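Asker: A structural model of the following input is requested.
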Amino acid sequence: MTVAPAYQVLAERLRDDIMSGHLRPGERLPTEPQLCEQSGLSRSTVREALRLLSSQHLIVTTRGVNGGSFVAEPDAHALGETLSDGVGLLLASGAVTDEDFLEVRRLLEVPAAGLAASRRSAHHLAELEAAMFDPARDDLERRIEAHAAFHLAVAAAAGNSLLGLVVRPLYNLTDRRAVERAAPPPFWHAVDRDHRAMIAAIRAQDAARAMELARTHIDHARPAEYLAAAL
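Answerer: All right, here's what the predicted structure looks like:
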C-alpha cells in the first residue's frame, strides 16, 4: 500500500478542519512553528502542506507583522474555474463521455428551465434578452459567448446560487475550432430559435413548456463533432 507523503497527510488534516467548519473563513491557521510542534514535521514539510492548500484555494497566506495563513473566503469564480478545469480534463481523457456530458446537462438544465419560469423576475428576463445574438450577422465569438450567457441566465433565474455555480463549468469548455468545424450557420439559427422559444415560455411562466424546450434544445447538440466542442 502506498503511503502518502507527510505534507499531504498534514494538508488533508487541515483541509478536514476547514471543510468541517472547525476552521472558519477568515480564521488564522496555527503558525508554522506551531504546526511543526503539533505534527512533528519539519518547517519545509509544513510549508509544502500550506502551499498545497493555497493551490486548492482553501487558504491565503500574507506576509508582515499581522501575516500568516488564513482560511480563504468562499470565491465562486475561483471554484468555478477549478470545476471547469476538472471537467475539461475528464472530457479530454475520455473518463467522461460526450453522452455523460449531455446527460448531466439534461439533469441540471431541464429542471432549471422550469424553475426559471416559476421564479423569474423582470431583471432575469432582461438578462435573457441581453444574451440573444444575431445568427446571420454576429461572429463565432459573439455566438459562443451569447450561448453561454443565455444558459447561465436561465440558471440564475432559477433562483438557486448553487445551481448557477454547478452549471457554469459546462459553458467554460468550448474549443472554438471544434465549434467552427461542427456548427455551421444552420445550427446557430436553430439555437436562436430555441432560445427565443424558451424566453417566451419563461416570460409566460409556463414551466412545463420551458422544460420541454430545454430538453429539445439539448438534444439538438447530439452530433459527435459538436459534443466534442462541449457547448
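Asker: list the buried residues in the longest helix seen in the chain.
Answerer: Longest helix of the chain, by residue count under DSSP state H: helix 98-119. Under the neighbour-count criterion of 16 or more other Cβ atoms under 10 Å, helix 98-119 has 98, 101, 105, 108-117 buried. C-beta here means a position set from N, CA and C on the backbone, and glycine is covered the same way.
Asker: pipe those into CSV and attach pLDDT and distance to Arg193 per row.
Answerer: Listed next are the buried residues of helix 98-119 as CSV, based on pLDDT from 0 to 100; distance: Cβ to Cβ, whole Å:
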residue, pLDDT, distance to Arg193
Asp98, 76, 23
Phe101, 81, 23
Arg105, 90, 19
Leu108, 94, 22
Glu109, 95, 17
Val110, 97, 18
Pro111, 97, 22
Ala112, 97, 20
Ala113, 98, 16
Gly114, 98, 20
Leu115, 98, 23
Ala116, 98, 18
Ala117, 98, 18
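Asker: what's the closest of the residues you listed to Ala72?
Answerer: Distance to Ala72, by Cβ to Cβ, is smallest for Leu108 among the buried residues of helix 98-119, at 26.2 Å.
Asker: residue contacts, that closest one?
Answerer: Ala155, Leu163, Val166, Val167, Leu170 (Cβ atoms under 8 Å, 6 or more residues apart in numbering).
Asker: remind me what the helix or strand containing the third one packs against, helices and strands.
Answerer: In the assignment (DSSP states H and E), Val166 maps to helix 161-167. With contacts defined as 3 or more Cβ pairs under 8 Å, 6 or more residues apart in numbering; DSSP states H and E, the packing partners of helix 161-167 are helix 76-93, helix 98-119, helix 140-157.
Asker: show residues contacting the first one.
Answerer: It refers to helix 76-93. Helix 76-93 is contacted from outside by 56-57, 96, 98, 101, 161, 165-166, 168-170, 172-173, 230, using Cβ under 8 Å, 6+ apart.
Asker: roughly how far does the residue nearest to the spatial centre of the chain sit from Val154?
Answerer: In the chain, the residue lying closest to the centroid (Cα atoms, centre = their mean) is Pro169, at 3.0 Å. To Val154, Pro169 is 15 Å away according to Cβ to Cβ, to the nearest Å.
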